[in-house]
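**Student:** Here is a sequence with its predicted model. Questions after.
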Amino acid sequence: MFNNLIKILPIQYIYSDSKFSVSVYIYYTNLLLNLFVLNKHQNLRFKMLSTISCIDFPELENRFEIIYTLMSLDFPLILNIKTKISEFIYINSCSIYFKNAVWLEREIWDMFGVYFVNNFDLRRILTDYGFPYHPLRKTFPLQGYIQIYYNFVTKHISYSENQFSQVKSLKSLNSVWNKVI
């Protein structure tokens, strides 16, 4: 059944992990076309978007890999649609085909900074609205120098410098992270 997908859809390549799970790589510009055909095709009927995931590879030019997991309610099939984009490219929202994509795209926007065009409710969901960073990017600093806490005695927000009790370990000179950070 999946062998005919390459004939009807603009797909880079396709591979299968198991009998009922297939992964497809596409260009990000063909995302909406692929989702439309997979949703409406009579023999496939992928009516349910299970999740949208994002993986950050900071050493690559197209650093974000976005994975759409579709499930068919009529057949025991799971399809992973994968696409790669850079941090400067906008990707089309699939919320016109799957209503739950609004929430999932908001999460990816907040955590990774991937912008989805035509998402009508793209705002912060897990961090504060004024927060300028995206915490799940690999280049996000894990440790700061200032600690913010609420002082219950004075009933104000207080700031103090972090006290590091252990020495930082040395990074290896050949590490990929030395080039990124």
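**Tutor:** That came in fine, so what should we check first? Numbers count the residues shown, from 1 in each chain.

**Student:** avg pLDDT for stretch 86-104?
**Tutor:** Throughout stretch 86-104, pLDDT has a mean value of 94.

**Student:** which SS state does Arg106 fall under?
**Tutor:** helix (DSSP: H, G, I helix; E, B strand; the rest coil).

**Student:** contacting residues for it?
**Tutor:** 119, 121-125 (CB atoms under 8 Å, 6 or more residues apart in numbering). Backbone N, C-alpha and C define where each C-beta goes, glycine included.

**Student:** hmm, which of these are the buried ones?
**Tutor:** Among the contacts of Arg106, those classed as buried by 16 or more other CB atoms under 10 Å are 119, 122.

**Student:** out of the contacts of Arg106, who's nearest Leu33?
**Tutor:** Nearest to Leu33, judged by CB to CB, of these is Asn119 at 17.9 Å.

**Student:** ok, how many other residues are close to the nearest residue to the closest one once chain neighbours are set aside?
**Tutor:** Spatial nearest neighbour of Asn119, excluding adjacent residues (CB to CB, 6 or more residues apart in numbering): Ser93 at 4.0 Å. Neighbours of Ser93 under the rule other CB atoms under 10 Å: 21.

**Student:** The one 5 residues further on too?
**Tutor:** The local packing of Phe98 (other CB under 10 Å) involves 20 other residues.

**Student:** give the contact list for it.
**Tutor:** 35, 39, 48-49.

**Student:** Let's see which of these end up in strands.
**Tutor:** Among the contacts of Phe98, DSSP state E puts 48-49 in strands.

**Student:** and the contacts of Phe98, which two are the farthest apart?
**Tutor:** Leu35 and Met48 (12.0 Å).

**Student:** between those two, what contacts are shared?
**Tutor:** Contacts common to Leu35 and Met48, judged by CB under 8 Å, 6+ apart, are 70, 98.

**Student:** so where do the strands sit in this structure?
**Tutor:** For the chain, the strands defined by DSSP E cover 13-16, 21-25, 48-56, 64-71, 78-85, 91-92, 116-117, 146-151, 156-161.

**Student:** ok, what's across the strand from the residue nearest the centre of the chain?
**Tutor:** For the chain, the residue nearest the mean C-alpha position is Cys54 (2.3 Å; CA atoms, centre = their mean). Here Cys54 shows beta-bridge partners Ile66, assigned using DSSP bridges.

**Student:** Test my guess that it contacts Arg63.
**Tutor:** No: judged on CB atoms under 8 Å, Cys54 makes no contact with Arg63 at a distance of 10.1 Å.
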